[in-house]
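S.K.: Give me coordinates for this.
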Amino acid sequence: MNFKVAVALIVAGLLVVFTAQNYQVVELRFLIWHVEMSRAILIFGVFAAGLLSGWLVSSVSSRKHLPSA
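M.R.: Numbers count the residues shown, from 1 in each chain. Down below sits the predicted model:
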């Protein structure tokens, strides 16, 4: 079995276990807005937003250090 396939299967298995343990519906409130969703989806969304914001900040800060022409 290929190493990448094995790692992908392990990650997929962990994802299934994580989702099964966090399927409860929670209510998210912010000012006048509220939504009910699965806790697993909420955690994944917050994680993705953190990754995106970290990537954006690092790309903006790396552009500041480029020598000007």
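S.K.: element containing the nearest residue in space to residue 27 that is not next to it in sequence?
M.R.: Counting by CB to CB, 6 or more residues apart in numbering, residue 27 lies nearest to residue 36, which is 5.0 Å off, once chain neighbours are set aside. Quick note: C-beta positions are derived from backbone N, CA and C, even for glycine. Per DSSP states H and E, residue 36 falls inside strand 33-38.
S.K.: How about the very next helix or strand once past that strand, which residues are buried there?
M.R.: Remark: after strand 33-38, the chain's next helix or strand is helix 39-64, criterion DSSP H and E. When burial is assessed from 16 or more other CB atoms under 10 Å, helix 39-64 yields the following buried residues: 40, 42.
S.K.: Give the rounded mean pLDDT of helix 39-64.
M.R.: Summarised as a single mean, pLDDT over helix 39-64 is 82.
S.K.: And that helix, how far out from the chain middle?
M.R.: Centre-to-centre, helix 39-64 and its host chain are 8 Å apart (CA atoms, centre = their mean, to the nearest Å).
S.K.: Which strands or helices does it pack on?
M.R.: Helix 39-64 is packed against strand 25-30, with contacts defined by 3 or more CB pairs under 8 Å, 6 or more residues apart in numbering; DSSP states H and E.
S.K.: Compute the inter-axis angle for the strand it packs on and helix 39-64.
M.R.: Strand 25-30 and helix 39-64 are oriented at 40 degrees to each other (axes from the mean of the first three to the mean of the last three CA atoms, to 10 degrees).
S.K.: So residue 38 is in contact with residue 24, correct?
M.R.: Yes: under the criterion of CB atoms under 8 Å, residue 38 makes contact with residue 24 at 7.3 Å.
S.K.: Thanks a lot, catch you later.
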